[in-house]
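A.B. asks: here is the input, now give the coordinates:
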Amino acid sequence: MKYLPVYILLVFLIHFSSEDANAQSTENLLKQMRSEVVEKIDGKEFYIHTIKRGQTLYMISKAYGVEVSDLIRENPWVKEGIKADQKLRILVAGQKSAEPNDTRQGSGQKGDDRTAGKTPDPGKASTTKPPDSVVIAELPCGSDPALKKATYKVALMLPLFLGDVENINTENPDPKIIETSRSFQFLPFYEGFRMALDSLEKMGLKIKLYVYDVDKDTSKTKQILRKPEMKSMNIIFGLLYQRNFQIVAEFAKRNKIAVVNPVSERSDLVNGNPFVFKVQPSKKVKLAEVAGFMSRTYNHDHIIIVRNGQYSDRDAPDQLKKECEELGLKVRVVDGQEAAITDLSKEIENCLIIFTDNTAYAFDLTRRLFELRNEYKLTLVGLPDWSVMEGLESEYLVALKTHMVAASFIDYNDIGVQKFVSGYQSVYQADPELLGFQGFDVAFYFLSALNKYGANFQRCLSDLQLNSMQTHFDFRQSKGNGFENQHWMVYKYENYRLVKVN
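C.D. replies: Presented below is the predicted three-dimensional model:
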């Protein structure tokens with residue numbers, strides 16, 4: 001049902017073009033979507049648009065001649081999805097949009113009187129009409145047949161070190177050599193990628209896959225890019241060393257080809273190149289993700305940010321406090337265990353966000369809080385990388401409802417994960433590693449985008465919602481740069497199981 005309005009729009013176009021050449025155009029159809037209700041909010045005029053069943057953010061943006069990013073900026077709640085009868089506020093042309101950190105966005109999420117989710121005050125409403133002329137640059141996502149291809153050309157560039165295979169006895173392989181061989185290091189990514197491709201081909205997608213062995217030798221990378229087929233690729237996946245990826249990214253930019261980096265955390269990969277997609281989220285966006293999670297889950301609780309004096313990033317706790325306050329949360333930053341315990345409340349839930357990368361400190365703090373569990377209601381959030389700490393006591397973590405944050409998390413109780421594991425074992429006679437899950441998720445996501453939207457899929461990713469196994473994809477683009485996934489996984493201990501919560 002999500003894409004129903006696209007089909008309706010196409011039916012209108014076909015009908016009116018055959019019945020009456022002078023009938024309504026696409027522009028006229030979009031004009032009919034516009035609201036004539038205008039409300040003044042904080043000194044600015046906004047159209048108040050009531051969402052109709054089947055409308056998408058992209059269609060609404062085209063109706064008013066604005067960008068989808070402008071809609072999201074004025075209505076942050078739409079990132080969670082839109083529904084019929086909800087209301088959007090859309091800035092009237094000629095006025096400056098809200099800044100990204102405008103605090104009224106946070107209050108809008110809370111549902112105060114200024115949010116577009118509320119019914120406008122009839123006394124404030126006017127009948128100012130939207131401008132008659134709106135430039136319709138592109139058809140709605142997925143409806144332009146010119147962007148679709150019968151077969152898509154896909155390049156997968158991996159450091160497979162195939163030259164090393166000559167030294168492996170394939171008749172009677174030594175398990176130790178296989179474990180340490182460079183040739184097998186990134187092979188699971190290809191195996192997961194191949195499984196996704198097989199699944200999509202069964203659904204009708206036709207792909208011509210080119211696999212290239214690209215190691216640290218940059219001259220080899222340049223030689224591959226000179227191959228005649230490279231300029232005609234629709235997308236390039238590059239699990240490459242840093243310098244090699246830079247070379248491939250520049251090539252992709254010159255030839256306007258989307259290039260995906262599945263594993264690097266470096267934020268500068270997207271700088272100045274709108275064709276780069278960085279799958280791994282940067283640590284700089286982790287705090288914003290945590291703050292958003294706290295706002296949705298613990299906004300009425302007693303939130304304490306605990307700063308360990310030995311933690312290297314002294315600014316991180318204050319940065320998180322700022323992110324939380326911008327979302328309307330009341331938080332306190334305290335130094336050390338004693339201050340945290342003294343600040344606990346016996347009246348409401350205490351949510352402690354612990355900043356430490358010292359396992360001994362984390363163990364000692366969780367032990368002390370575990371002893372207080374019958375006196376206080378306690379929830380812990382461990383930052384920055386408690387997910388990789390070894391030696392923490394599971395009983396403490398479960399009792400304290402401990403949450404952790406990571407770039408990826410695999411729930412082996414999930415039916416989709418179990419199905420993938422079974423299929424992987426059947427094909428490759430091995431258990432999938434994280435790279436195998438990543439290969440499947442990345443291939444399935446981007447190749448599905450090609451299938452749905454065609455070669456110019458970049459602008460449509462906000463409409464693409466797919467269930468992935470080890471992460472969620474939320475790509476955002478800053479002006480002049482590429483796309484970076486913003487999502488961090490949050491999971492918790494529950495009944496001695498790890499459970500995904502976002």
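
A.B. asks: quick one: contacts for V381?
C.D. replies: Applying C-beta atoms under 8 Å, 6 or more residues apart in numbering to V381 gives the contacts V290, M294, C351, L352, I353, I354, T402, H403, M404, V405. (Each C-beta comes from the backbone N, C-alpha and C, glycine too.)

A.B. asks: go with 7 Å
C.D. replies: V290, C351, I353, I354, H403 (C-beta atoms under 7 Å, 6 or more residues apart in numbering).

A.B. asks: so what's it bridging to?
C.D. replies: Beta-bridge pairing of V381 under DSSP bridges involves I353, H403.

A.B. asks: return the distance of it relative to H403.
C.D. replies: 5 Å (C-beta to C-beta, to the nearest Å).

A.B. asks: again, but for I90
C.D. replies: Note on I90: its distance to H403, by C-beta to C-beta, is 36 Å.

A.B. asks: lowest pLDDT pick from the contacts of V381?
C.D. replies: Across these, the bottom pLDDT score, 92, is held by V290.

A.B. asks: any idea how far the helix or strand where that one lies is from the chain center?
C.D. replies: Using DSSP states H and E, V290 maps to helix 286-297. Put simply, helix 286-297 sits 14 Å off its chain's centre (C-alpha atoms, centre = their mean, to the nearest Å).

A.B. asks: what lies in contact with that helix?
C.D. replies: With C-beta under 7 Å, 6+ apart as the criterion, helix 286-297 contacts 303, 316, 319-320, 323-324, 327, 329, 381, 405, 487-488, 490, 502.

A.B. asks: start to end distance for stretch 198-217?
C.D. replies: Stretch 198-217 has an end-to-end distance of 31 Å (criterion: C-alpha to C-alpha, to the nearest Å).

A.B. asks: phi, psi for V260 please.
C.D. replies: Main-chain dihedrals, V260, degrees, to the nearest 10: phi -110, psi 130.

A.B. asks: and for V490?
C.D. replies: According to degrees, to the nearest 10, V490 has phi -120, psi 130.

A.B. asks: and what of M157?
C.D. replies: Torsion angles, degrees, to the nearest 10, at M157: phi -110, psi 120.

A.B. asks: hmm, it is touching F245, no?
C.D. replies: No: M157 is beyond contact range of F245, at 8.8 Å (criterion: C-beta atoms under 7 Å).

A.B. asks: any common contacting residues for these two?
C.D. replies: Joint contacts of M157 and F245 (C-beta under 7 Å, 6+ apart) are G238.

A.B. asks: the stretch 101-250 of the chain: strands as residue ranges?
C.D. replies: Applying DSSP state E, counting those that start in this stretch to the stretch 101-250 of the chain gives strands spanning 152-158, 207-213, 235-238.

A.B. asks: and N502, how far from V405?
C.D. replies: Taken as C-beta to C-beta, the span from N502 to V405 is 9 Å.

A.B. asks: more neighbours, these two?
C.D. replies: V405 (22 against 17; other C-beta atoms under 10 Å).

A.B. asks: which residue is the nearest non-sequential neighbour of G391?
C.D. replies: T359 (5.4 Å; C-beta to C-beta, 6 or more residues apart in numbering).

A.B. asks: my error: substitute V421 in the last question.
C.D. replies: That would be P432: by C-beta to C-beta, 6+ apart, it lies 6.0 Å from V421.

A.B. asks: F277: which element?
C.D. replies: Judged by DSSP H and E, F277 forms part of strand 276-278.

A.B. asks: distance between that strand and the chain's centre?
C.D. replies: 12 Å.

A.B. asks: can you check stretch 64-76 too?
C.D. replies: Taking mean C-alpha positions (C-alpha atoms, centre = their mean), stretch 64-76 and its chain are 18 Å apart.

A.B. asks: contact partners for V501?
C.D. replies: H403, V490, Y491, K492.

A.B. asks: just confirm the third one is within a strand.
C.D. replies: Yes: read with DSSP: H, G, I helix; E, B strand; the rest coil, Y491 is one of the residues of a strand.

A.B. asks: burial measure for it, as a count.
C.D. replies: 20.

A.B. asks: and it, what is it in contact with?
C.D. replies: Contacts for Y491 (C-beta under 7 Å, 6+ apart) come out as M404, F409, L498, V499, K500, V501.

A.B. asks: give the buried subset of those residues as a PyMOL selection command.
C.D. replies: Entered in PyMOL, the line below selects the buried ones among the contacts of Y491, by 16 or more other C-beta atoms under 10 Å:
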select buried, resi 404+409+498
